[in-house]
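Sequence first, then the predicted structure, then my questions.
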Amino acid sequence: MLALGLSIASLTAIGADMSNGADNFYKSEKVTAQKVIFKNQYQMNVVGNLYIPRGVDPSAKSPAIIVGHPMGAVKEQTSSLYGQKLAEQGFVTLAIDLSFWGESDGQPRNAVAPEMYTESFNAAVDYLGTRTFVDRKRIGVLGICGSGSFAISAAKIDPRLRAIATVSMYDMGAVTRNGLRKGQSLEQRKAMIARAAEQRYVEFTGGPTKWVDYLPLQLPADADDTRKEFWDYYRTPRGAAVPAGRTLELTQNRPISSEVKFVNFYPFNDMETISPRPMLFITGSEAHSREFSEDAFQRAGQPKELYVVPGAGHVDLYDRTNLIPFGKLAEFFKSNLK
């Protein structure tokens, strides 16, 4: 077994596929970066990395994009890469830590709270829309993986979000209820719910938290391709990021007693009401999550577009700069945040 104190660097020998320009920890010389802290509606701190293009006129009002990280990740994973790449195209960008994750407030840590994740995006609009250098009429949002569903949830109740894009989106409600490709039966769902309910007794009486533990430090010998794909990113130097006070083992991990709350999360219901604000859904042709982008595209009102990246899998679009269509995203936001 690998020790909890194992450093990220020491994992190099057992993973880290750095092909196709994998560059999660990209640092741009064309933008300025600063950490910002702002309150959500519940007076909890939300922390983000704010990126501003170098040389931008500080008296001008620029378009802005909020960027949300994959489910269970932090802003240093994927969203800061996207934030910098889009800032290089002239946008002010804000890569946020969702509540309960990274440096944002929320106890217990790693808790699943879909409503609060949605609020993190709405609060980010509050923050950006009150900056003197941002045009509050030109704010967009980009949600990656699980944040795609949280961004849609936020956009349904926040018309200040003028353009909505997702990449490698997961509908966290549907996948929790039904599994990938509807591979989970109703009986299995009920068993999951029952385990979570019993675990609440344990935690209420002071017992230990039980974790989903989908990505242990050592990759199980029987891991399927999807698990291997996530493990290569989250458990190797390619993408591993450990917030202060956490351990590598606990990153990406969620308590089973709160994971079940996704069962009540239906982000795609009524999403046609976002229209006529434009929506762009980006997925990989080989992505195991492709079904969710296709489902969202079918439900969305006009204007909308489904963009499929040839040869790309789900996690490929987290950090592989040779595959990520940054040009397509920049074109979408430039056209729709005029």
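Okay, I see it.

Next, please give the residue ranges for the helices of the stretch 51-200 of the chain.
Residue ranges of the helices in the stretch 51-200 of the chain, as given by DSSP state H, counting those that start in this stretch, are 79-87, 114-129, 147-156, 172-178, 186-204.

Can I get these in JSON lines including distance to residue 307, mean neighbour count and mean pLDDT?
Where you see a C-beta, it was placed from the backbone N, CA and C, and this is true even at glycine. Putting these into JSON lines (distance: least, C-beta to C-beta, whole Å; neighbours: other C-beta atoms under 10 Å; pLDDT from 0 to 100) gives the following:
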{"stretch": "helix 79-87", "distance to residue 307": "15", "mean neighbour count": "26", "mean pLDDT": "98"}
{"stretch": "helix 114-129", "distance to residue 307": "22", "mean neighbour count": "22", "mean pLDDT": "98"}
{"stretch": "helix 147-156", "distance to residue 307": "13", "mean neighbour count": "28", "mean pLDDT": "98"}
{"stretch": "helix 172-178", "distance to residue 307": "21", "mean neighbour count": "20", "mean pLDDT": "98"}
{"stretch": "helix 186-204", "distance to residue 307": "32", "mean neighbour count": "13", "mean pLDDT": "98"}
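
Wait, residue 184 touches residue 178, no?
Yes - counting by C-beta atoms under 8 Å, residue 184 touches residue 178, with 5.4 Å between them.

Quick check: closest non-adjacent residue to residue 189.
Spatially, and ignoring its direct neighbours in sequence, residue 189 is nearest to residue 177 (5.9 Å; C-beta to C-beta, 6 or more residues apart in numbering).

Ignore what I typed, I meant residue 31.
In space, not counting the residues next to it along the chain, residue 31 is nearest to residue 87; the distance is 4.2 Å by C-beta to C-beta, 6+ apart.

so how far is residue 51 from the one you found?
The spacing between residue 87 and residue 51, counted by C-beta to C-beta, to the nearest Å, is 4 Å.

Retrieve the pLDDT associated with the residue of the chain most remote from its centre.
Among the residues of the chain, the one whose C-alpha is farthest from the average of all C-alpha positions is residue 205, by C-alpha atoms, centre = their mean at 32.6 Å. The predicted structure scores residue 205 at 98 on the pLDDT scale.

and residue 226, what does it touch?
Residue 226 makes contact with 180, 288, 314 under the criterion C-beta atoms under 8 Å, 6 or more residues apart in numbering.

hmm, 7 Å instead?
Taking C-beta atoms under 7 Å, 6 or more residues apart in numbering as the definition of contact, the neighbours of residue 226 are residue 288.

mind checking the SS state of it?
When the structure is split into helix, strand and coil by DSSP: H, G, I helix; E, B strand; the rest coil, residue 226 lands in helix.
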